[in-house]
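>>> Let's see this in three dimensions:
(one chain, ligands or ions: 1)
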Amino acid sequence: MAEITTAKTAGKKKEVEVFDSEEAVAVSLAKYTADLSEKFCKERGCFTVVLSGGSLIESLRKLLEPPYVDSIEWSKWHVLWVDERVVPKDHVDSNYKLAYDGFLAQVPILPGNVYAINDALSAEGAAEDYETCLKHLVNMKVIEASSVSGFPKFDLMLLGMGPDGHVASLFPGHQLCNENEKWVTCIKDSPKPPPERITFTFPVINSSAYIALVICGAAEAVAVQRALGKDQNSDVLPVQMVSPEGELKWFLDKDAASKL
Ligand SMILES: O=C(O)[C@H](O)[C@@H](O)[C@H](O)[C@H](O)COP(=O)(O)O
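The predicted model follows:
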């Protein structure tokens, strides 16, 4: 049985759900994503979904099966990345390749609605180019603009977390965690290889309507404990800075939640 904790602070809703297994996380994540897809396709005529790299893509596998594979309005999806490694799109480290091979190639999302980074550019160039792409999509009203922050407001952001508490390519103690003007920026000294990446900034992440933080495995348990337990440590982990305008839901398996 899943354990659920829900809290509302200053109008923001945060829910933490602990599942018995990664399989149960994947089942619930598929329903959560499909329900939001239905809501936004009905309300806005499209659905903007932001992916991260890592194990998240594997956790989306239930969307590739009935009933969701047939019921989701895939042609209304617009897919972007919260972070990407600065490597060619066919490189083993590419988040695009990971998502394409493991997910996108198996559903009828329109190729023109999949926004990969320009892999012909430098890290700085790719970040600027991606920000320009976001601005265009906001102007076209594919992506909403937040009336609170003015930053792009994605319908659903799907985030993983590293054992050190990083999200996207925003690492503990790194100055990029404090970037508050740019929409997309680059890092050239990522502690997790490869070193060059582009990433959305916290103002963009936190303007989201919905964020799912999907965390499985014992390696992440200490960071989960620091973020959700009674933490005495004054250093704030990037994952603790995730605080969307809309709703935040943590999907944890019991190993990730083992220190709570
Ligand atoms: O490009 C990346 O490295 C990812 O976007 C990164 O932020 C990832 O989501 C976390 O590191 C969690 O990865 P795991 O789920 O594989 O632990």
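
>>> tell me the SS of L252?
strand (DSSP: H, G, I helix; E, B strand; the rest coil).

>>> Could I get the contacting residues of it?
16-19, 25, 215-216, 224 (Cβ atoms under 8 Å, 6 or more residues apart in numbering). Where you see a C-beta, it was placed from the backbone N, CA and C, and this is true even at glycine.

>>> Check the gap between it and F171 for me.
21 Å (Cβ to Cβ, to the nearest Å).

>>> Which of the contacts of L252 fall within helices?
The members of those that map onto helices under DSSP state H are 25, 224.

>>> As CSV, the contacts of L252 with distance to T33 and neighbour count would be great.
Listed next are the contacts of L252 as CSV, based on distance: Cβ to Cβ, whole Å; neighbours: other Cβ atoms under 10 Å:
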residue, distance to T33, neighbour count
V16, 18, 20
E17, 14, 18
V18, 19, 21
F19, 15, 22
V25, 12, 24
I215, 16, 28
C216, 16, 25
V224, 21, 27
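
>>> Could you pull out the strands in the protein for me?
3-9, 12-19, 47-51, 77-81, 83-85, 144-145, 152-153, 156-159, 184-187, 197-200, 210-215, 247-253 (DSSP state E).

>>> Give the other helices and strands that the second one contacts.
Think strand 12-19. Other elements packing on strand 12-19 under the criterion 3 or more Cβ pairs under 8 Å, 6 or more residues apart in numbering; DSSP states H and E are strand 3-9, helix 22-44, strand 247-253.

>>> Turn the contacts of L252 into TSV, columns for pLDDT.
Compiled in TSV, the contacts of L252 are given as follows (pLDDT from 0 to 100):
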residue	pLDDT
V16	97
E17	97
V18	98
F19	98
V25	98
I215	98
C216	98
V224	96
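
>>> Any chance of JSON lines for the contacts of L252, columns distance to A34?
As requested, those are exported to JSON lines (distance: Cβ to Cβ, whole Å):
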{"residue": "V16", "distance to A34": "21"}
{"residue": "E17", "distance to A34": "16"}
{"residue": "V18", "distance to A34": "21"}
{"residue": "F19", "distance to A34": "17"}
{"residue": "V25", "distance to A34": "15"}
{"residue": "I215", "distance to A34": "21"}
{"residue": "C216", "distance to A34": "20"}
{"residue": "V224", "distance to A34": "26"}
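
>>> can you give me phi and psi for the closest residue to the ligand within the stretch 1-150 of the chain?
Scanning the stretch 1-150 of the chain for proximity to the ligand using Cβ to the nearest ligand atom identifies G54 as nearest, at 2.5 Å. Here is the backbone geometry of G54 (degrees, to the nearest 10): phi 70, psi -150.

>>> Where does pLDDT dip in this protein?
1-2, 10-11 (pLDDT under 70).

>>> interface residues of it facing the ligand?
52-56, 83, 85, 95, 160-162, 166-168, 192 (Cβ under 6 Å from any ligand atom).

>>> and these, which are buried?
Among the residues of the chain next to the ligand, those classed as buried by 16 or more other Cβ atoms under 10 Å are 52-54, 56, 83, 85, 95, 160-162, 166-168, 192.

>>> if we can go back for a sec, compare the helices and strands packed on strand 12-19 and report which one is nearest to A126.
helix 22-44 (27.0 Å; Cβ to Cβ).

>>> ok, S59 touching Y32?
No: applying Cβ atoms under 8 Å, one finds S59 not in contact with Y32, separated by 11.2 Å.
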